[in-house]
Each structure stands twice: as structure tokens, then as C-alpha cells.
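# any chance you can model this:
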Amino acid sequence: MSSPSQRASGRRRRKPANPYYASHASTAEEKLLQQAIANSKKDVYRPSQGVKFEIPSGPVFFPTQEEFCGNPIHYIEKIRPVAEKYGLCKIVPPAGWDPPLCVDMESKKKFQTKEQKLHKLQEGISFNDGEEYNASDYLKMAQDQ
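You can find the predicted model right below:
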């Protein structure tokens, strides 16, 4: 006779992963959780027409090539007092602006990569360590694939 953890084929059933429940909740906590879930499912009336919210847009900046070319951080510091009032801003770089490559492709310093199997994340499995590359080796590997 087989135990409940075995299938008819004789293989053992895999224990389901339960990464989200670290400890058991008390009955009172469980009732509160169920109530919160029920409340979140209730329909809330939100008028779709006729109501307009007056939310001001953040400022948009269009720097010239001279302002933005040397060091963009200096330009950002210059406009900071205006942008801070809104909490955000948009900076549209000038046409033709091409940021310089800040990676030394000749460096022999290595960095570690990660194997990112996204379909495994829902099972609670984190990323594995990948290979170590320097910049030129990584570029070759990426172009070969």
C-alpha cells in the first residue's frame, strides 16, 4: 500500500514550495486577511466621465548642445531648483547628442554574470551564478549568440 506522498506509479510526489508563508497566522490574523481580500474585491464607484483631476505637468527642459555636451550632471544641477518643486522633470537631449561609452574595453577586470531564468522565479528559485567575463570577452560572447 502506498503512502499519501506517493503516486500510483510509485514516484514520490514533490512537496509544493510555499515561500510566501514563513509562519502560521493565528485565527484572528487569518480572519483579518480574509476580510482585507474581500474588501479589495468590492466594486468602488469611480466616475469615468465628467470629473477631471487638475494635476500639473512636470517641467520639460530642452538644453542646447553647449549646455549638455560637457557634463550633463552640471546641467541637471542648474535646473534642480525648478524641478524640485514638481518632484520630477523631463530632459530632452539635443538632437545629435551621443553619450560617450564609459567602459574600458581593454580592461582585464572581470565581472560576474547571472543566469536569469525568469520562468523559475514564480517557483521561488533565484538566479544562478553565470560565467565571469571582461568587457571584450563579454562583447564577443554576446555577438556570437
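
# just the element for Pro100, please.
Assigned by DSSP states H and E, Pro100 belongs to neither a helix nor a strand.

# and the gap between it and Ser136?
18 Å (C-beta to C-beta, to the nearest Å). C-beta coordinates here come from the backbone N, C-alpha and C atoms, glycine included.

# and what of Glu54?
In terms of C-beta to C-beta, Glu54 sits 54 Å off from Ser136.

# higher neighbour count, the two?
Per other C-beta atoms under 10 Å, whichever of Glu54 and Ser136 has more neighbours is Ser136, with 14 against 4.

# which SS state does the more buried one fall under?
helix (DSSP: H, G, I helix; E, B strand; the rest coil).

# list the contacts for it?
Contacts for Ser136 (C-beta atoms under 8 Å, 6 or more residues apart in numbering) come out as 105-106.

# now do 6 Å
Contacts for Ser136 were tallied using C-beta atoms under 6 Å, 6 or more residues apart in numbering; they are Met105.

# need the longest helix for the chain.
Taking DSSP state H as the assignment, the helix of the chain that covers the most residues is helix 27-41.

# quick one, strands of the protein?
Taking DSSP state E as the criterion, the chain contains strands spanning 60-61, 90-91, 111-115, 128-133.

# any idea of the angle the last one forms with strand 111-115?
Angle between the axes of strand 128-133 and strand 111-115 is 140 degrees (criterion: axes from the mean of the first three to the mean of the last three C-alpha atoms, to 10 degrees).

# distance from strand 128-133 to the middle of the chain?
In terms of C-alpha atoms, centre = their mean, to the nearest Å, the centre of strand 128-133 is found 21 Å from the chain centre.

# paired strands for that strand, with orientation please.
strand 111-115 (antiparallel) (DSSP bridges).

# now swap in the first one and tell me
Based on DSSP bridges, the pairing partners of strand 60-61 within the sheet are strand 90-91 (parallel).

# I'd like the strands of the chain written out as TSV, with mean pLDDT and distance to Lys140 added.
Supplementary listing: these in TSV, determined by pLDDT from 0 to 100; distance: least, C-beta to C-beta, whole Å:
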stretch	mean pLDDT	distance to Lys140
strand 60-61	95	39
strand 90-91	94	34
strand 111-115	84	14
strand 128-133	85	9
